[in-house]
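Colleague: My questions concern the predicted model and sequence given below.
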Amino acid sequence: MRPGESLGALGDRRFAWYFTARTVSTAGSVMVPVALAFAVLHVEESPAALAQVLGVRTASLVVFLLVGGVVSDRFSRIVVLQVAHVLTFVTQGLAAWLVVTGHATLTQLTVIEGVNGAVSAFTMPAMTGIVPLVVARHRLQQANALLSFSRSGLGMLGPAAAGLLVVGVGPGWALAVDSLTYVVAVVCLARVRLPRRSEEDRPPRASMVVELRQGWGEFVSRQWLWVVVLVFGLSNMIHAGVVGVVGPLVASTNPAVGEAGWGVILSAEAVGTVVMTVVLLRLRLTHPLRWGMLACTVFALPLVLLGVRPELVTVAVGFLLAGMALEVFGVGWSTALQEHVPTEVLSRVSSYDLLGSFVAIPVGTLAYGWLATHVSLESLLVVSGILYAVLSLSALLSRSVRDLGRLDDMGPGRIPARPPSVQAGPAPPAS
């Protein structure tokens, strides 16, 4: 592939404008964790206060996520995204004004972030469903790699920029910058024209419960889909527990790593994702889930190293490789969803996928918080690494995961209801 062809997805004006909108809004979003944390602590210096705000935001996201999937499939996803961005502009702008003027209270920030969590529940499924409508089928992997490159690159720079704003002018102004990025994103999205669905392709309007059941039916009818979501839900518990709880604990109690060193380690993981997205702009994954799940086993390496050899350079290299590996899965997974799930139900299906991830994260954090006080950290990390690798490889026991291939180019917006290359697997057993 020639160098220019690796950016070929940007040649489609619809994707170019969508990519610009995503990049601009992401530039603000990556500053929020730092800005919001210091905004809350500016109001009330209490870890419990910060946990309350973040907990309400996450709970609100989880509660409305399936609804967001239905709405995004029912209406124009661009319009859903624009409305969500306008609401975020208003809420983040209000939070910024309250913090800057010194009128913010913990209750106000909690309510505002609860609303933001609910808005995000509509944003995420809509974004997943837009990509296959604005780029040719053979460019899907490339488009997802470009979006990931933007997200990962900004993820490295955003927290530092937010920190400078917080120190220089205060957390309220960092929230204000985030708010304004959504205005620019709305303008860019106005230039995106999605293909119109014909009347025969437009499903009859049903109740939200019926549409949720339809989405669930599509989800469980594809064995590769629910197997990977199940496996990655369990893997996310380990990832969240190690990165959020055990890793910082090891760093703070081990001079060879230290608090600053833990920041370097996480940055190394982010660098790995950026490096791999560049590779994936040129390297086609013929079996995205096979290579994705194999790559995920690499994350076991830094977990074991953190347990048996907690040294800055060694662990950082491990996380660099893990970042590269997890990016293979991330791009491959997005591409598989967009190629093999019908466009008209894609947002609902992705909402079930997202729900599994977001529920797993707090469970993993709580579980590892308890385990870290009852089990040797070295043993916990080594066992976690082995379990992560076993879980990743277990997904490949499913033939539908191993053999899921790529579809030929059919033009944007056209996906068969059940690709002939995919055999529907049995639904998972009821719990």
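Modeller: Thanks, I have it.
Colleague: Please identify which helix or strand holds Ala322.
Modeller: If you go by DSSP states H and E, Ala322 is part of helix 312-340.
Colleague: Quick check: which helices or strands does the helix or strand that that helix is followed by pack against?
Modeller: Next along the chain after helix 312-340, taking DSSP H and E as the criterion, comes helix 346-371. Here helix 346-371 touches helix 47-74, helix 106-134, helix 208-220, helix 223-241, helix 312-340, going by 3 or more CB pairs under 8 Å, 6 or more residues apart in numbering; DSSP states H and E. C-beta coordinates here come from the backbone N, C-alpha and C atoms, glycine included.
Colleague: Can you tell me which helices and strands the helix or strand following helix 346-371 packs against?
Modeller: Following helix 346-371 in sequence order, the next helix or strand is helix 377-394 (DSSP H and E). Where contact means 3+ CB pairs under 8 Å, 6+ apart, helix 377-394 is packed against helix 223-241, helix 247-253, helix 288-296, helix 300-308.
Colleague: So this structure: which segments form each domain?
Modeller: 1-190, 208-408+415-424 (automatic domain parsing).
Colleague: Okay, now the unreliable bits of the stretch 1-150 of the chain?
Modeller: Scanning the stretch 1-150 of the chain for pLDDT under 70 picks out 1-6, 47.
Colleague: Kindly recompute the last result at 90.
Modeller: Scanning the stretch 1-150 of the chain for pLDDT under 90 picks out 1-12, 26-59, 102, 104, 106, 135-139, 149-150.
Colleague: what's the spacing between stretch 214-223 and its chain's center?
Modeller: In terms of CA atoms, centre = their mean, to the nearest Å, the centre of stretch 214-223 is set 21 Å apart from its chain centre.
Colleague: Give me the buried stretch members for it, please.
Modeller: For stretch 214-223, burial by neighbour count (16 or more other CB atoms under 10 Å) applies to Gln214, Gly215, Trp216, Glu218, Phe219, Val220, Arg222, Gln223.
Colleague: what's around the spatially closest residue to the third one that is not a sequence neighbour, how many residues?
Modeller: In other words, Trp216. The shortest distance from Trp216 to any non-neighbouring residue, by CB to CB, 6 or more residues apart in numbering, is to Tyr352 (6.7 Å). The tally of other residues near Tyr352 (other CB atoms under 10 Å) stands at 21.
Colleague: Show the contacting residues for Tyr352.
Modeller: Counting by CB atoms under 8 Å, 6 or more residues apart in numbering, Tyr352 touches Leu66, Gly69, Gly215, Trp216, Phe219, Val229.
Colleague: try 7 Å this time
Modeller: With contacts defined as CB atoms under 7 Å, 6 or more residues apart in numbering, the neighbours of Tyr352 are Gly215, Trp216, Phe219.
Colleague: ok so, going back, state the mean pLDDT of the helix holding Ala322.
Modeller: The pLDDT scores in helix 312-340 average 93.
Colleague: so what does that helix touch, helix or strand wise?
Modeller: In terms of contacts (3 or more CB pairs under 7 Å, 6 or more residues apart in numbering; DSSP states H and E), helix 312-340 is packed against helix 106-134, helix 140-168, helix 258-280, helix 288-296, helix 300-308, helix 346-371.
Colleague: between the first one and helix 208-220, how big is the angle?
Modeller: Interaxial angle of helix 106-134 relative to helix 208-220 (axes from the mean of the first three to the mean of the last three CA atoms, to 10 degrees): 60 degrees.
Colleague: again, but for the fifth one
Modeller: Comparing the axes of helix 300-308 and helix 208-220 via the same axes, to 10 degrees yields an angle of 90 degrees.
Colleague: Show residues contacting helix 300-308.
Modeller: 242, 247, 250, 314-315, 318-319, 321-322, 377-378, 381-382, 384-386, 388-389.
Colleague: ok, now the third one?
Modeller: Surrounding helix 258-280, the residues in contact under the criterion CB under 7 Å, 6+ apart are 141, 145, 148-149, 152-153, 155-156, 247-248, 251-252, 312, 315-316, 319-324, 326-328, 331.
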